[in-house]
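Q: show me how the following folds:
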Amino acid sequence: MSALLTMTGASVRLGGALVLDGVNLLAEPGELVGVVGPNGAGKTTLLRAALGLQRLAAGAVKLGGRDPRTTPPAELARRVAYLPQARRLAWNVPAWRAAALGAPNAPQAKARQIALDALTAVGLAPLAERGVLDMSGGERARVLLARLFASGAPLILADEPTAGLDPDAQLLTLELLRARARAGGAVVVTLHDLGLAARACDRVVVLHKGGIAAEGSPRDALSPSVLAEVFGLDGVVLDTPSGPVLAAGRMAS
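A: Now for the predicted structure:
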């Protein structure tokens, strides 16, 4: 199976500063890839570069073998769905209508059903008719997740998809994204919570100062030495009956 996302030697400069430095990244069908790193490590820039929204200073990006910068918007939307950090909903439309925006090319009746199915998946079916501006922040975040799923794109790029969610909703979100990967798609998520990354991701990429400091299984990528060097943590990934967890604390000064 060919990779749905390929980044080769990707570098990005912002304001003269090198914020992404020669990054190589693959996202293949069947896997959930977590991108972690301290604030300012380049996580959001990486996703924007993958989408062709951020000009590369060097390197190349391919989405299913095509350059996103030269791919027509309608074709790009069929290939990749994107959840940005900014969770903006300007109009108080019913939740199902907001979710249906993820399927703009479907007939109205079909788009409504796609949206309702997506809302059911994220646990919001009872709120399908509620205005999105009348919802809590966590509920709105789940509506946007439903919109992401409604697209049906094989590649999902999600920037901090668990931000603002309670613990149960965080786990549900990552379970749903993992299920999309298991169904044959590829998912790349940025996360600040290293414990969630260890628990949910097949592969973890650790960004540090614009480059890849470590990559591999959660246990390998979040090794004690990486936790210490990149995050300033004294920690280790442990196996538990509920899955891998991160046990960590701040390093003594």
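Q: and Ala10, what does it touch?
A: Listed by Cβ atoms under 8 Å, 6 or more residues apart in numbering, the contact set of Ala10 reads 20, 22-25, 46, 49, 56, 58-61. Every residue, glycine included, has its C-beta placed from N, CA and C.
Q: near Pro84, how many other residues are there?
A: By other Cβ atoms under 10 Å, 16 other residues sit near Pro84.
Q: tell me the spacing between it and Leu144.
A: The gap separating Pro84 from Leu144 is 9 Å, by Cβ to Cβ, to the nearest Å.
Q: now, the contacts of Ala10 that are in helices?
A: Of the contacts of Ala10, the ones assigned to helices by DSSP state H are 46, 49.
Q: ranges for the strands of the chain?
A: Assigned by DSSP state E, the chain shows strands spanning 5-14, 17-27, 32-36, 58-63, 80-83, 155-159, 186-190, 203-208, 211-216, 233-238, 245-250.
Q: not counting its own residues, what contacts the third one?
A: Right, strand 32-36. Under the criterion Cβ under 8 Å, 6+ apart, residues 25, 27, 43, 46-47, 174, 177-178, 181, 186-192, 194, 197, 200-207, 218, 222 lie in contact with strand 32-36.
Q: may I see the PyMOL selection of the buried members of those residues?
A: The following PyMOL line selects those of those that are buried, judged by 16 or more other Cβ atoms under 10 Å:
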select buried, resi 25+27+43+46+47+174+177+178+181+186+187+188+189+190+191+194+197+200+201+202+203+204+205+206+207+218+222
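Q: for Ile156, give its distance to Tyr82.
A: Ile156 sits 8 Å away from Tyr82, going by Cβ to Cβ.
Q: please read the previous query as pertaining to Asn39.
A: 21 Å.
Q: how about Ala17?
A: In this view, Ala17 and Tyr82 are 24 Å apart by Cβ to Cβ.
Q: between those two, who's got more neighbours?
A: Using other Cβ under 10 Å, the more surrounded residue of Ala17 and Tyr82 is Tyr82, with 19 against 8.
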